[in-house]
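[1] sequence first, predicted model second:
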Amino acid sequence: MSIPSIRLLSRVAVLAFLSSLAEAQSLPAPARTVFKCEEGGRIVYSDSPCLEAKKIDVEPTRGVSSLSGKERVGNDVQREVRREQMAEAVRPLSGMNPKQYEVFSRRMKLTSAAQRECQHLDRQIPPLEQTEAQASGQDFAAAQRRLFGLRSRFRELGC
């Protein structure tokens, strides 16, 4: 085995170890994508897609500051911050930012077929969202139905 391939294998082993270590002590990250849906004339916000959903990207709060000026942070936020710090620490090896590292860690648990399907969905959803934004009439409805199917499958797989 050549030296470059040994280095690559060692980097992959380090990433796998660090990822499994980080994930072993964590809960799932809070949903960052929220869908705004209309059900029976009411507006409903959900982490699961619905037909005619409007996708909203959100960033959850990271604790509150009391009147004393101290920041109160829960255990879940502390774990998330540690995961982000770990991702930044291995960034020179992995080349991934914290969000990419989170996706990588989550998808490592999936089967190889599910990982491939997630990558395929990653390529399909954004252009379809652009098509939906520019479409009207029947094209708009068809794009929404297709987008709903892809988003549902994305969630079902745990991508």
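    That came through fine. As the structure is a prediction and not an experimental result, all values here were calculated from the model. Residues are numbered from 1 along each chain as shown.
[2] and Leu51, what does it touch?
    Cys37, Gln144, Arg145, Phe148 (CB atoms under 8 Å, 6 or more residues apart in numbering). (Glycine included, C-beta is placed from N, CA and C.)
[3] so which of the residues you listed belong to strands?
    Cys37 (DSSP state E).
[4] would you list the buried entries among the contacts of Leu51?
    Buried subset of the contacts of Leu51 (neighbour count, 16 or more other CB atoms under 10 Å): Cys37, Gln144, Phe148.
[5] those residues into a markdown table, with extra columns for pLDDT?
    Formatted as a markdown table, the buried ones among the contacts of Leu51 follow (pLDDT from 0 to 100):
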| residue | pLDDT |
| --- | --- |
| Cys37 | 84 |
| Gln144 | 91 |
| Phe148 | 93 |
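[6] turn those residues into CSV, including distance to Pro49.
    Formatted as CSV, the buried ones among the contacts of Leu51 follow (distance: CB to CB, whole Å):
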residue, distance to Pro49
Cys37, 8
Gln144, 10
Phe148, 6
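[7] nearest to Glu80, out of the residues you listed: which one, please.
    Nearest to Glu80 among the buried ones among the contacts of Leu51 is Cys37, at 26.7 Å by CB to CB.
[8] surely that closest one and Cys50 touch.
    Yes - with contact defined as CB atoms under 8 Å, Cys37 counts as touching Cys50 (3.9 Å).
[9] give me the neighbour count for Leu128.
    17 (other CB atoms under 10 Å).
[10] contact partners for it?
    Per CB under 8 Å, 6+ apart, neighbours of Leu128: Ala143, Arg146, Leu147, Leu150.
[11] need the overlap of contacts for Cys37 and Cys50.
    Val44.
[12] who wins for most neighbours among the contacts of Leu128?
    That'd be Leu147 among the contacts of Leu128, by other CB under 10 Å, with 21 neighbours.
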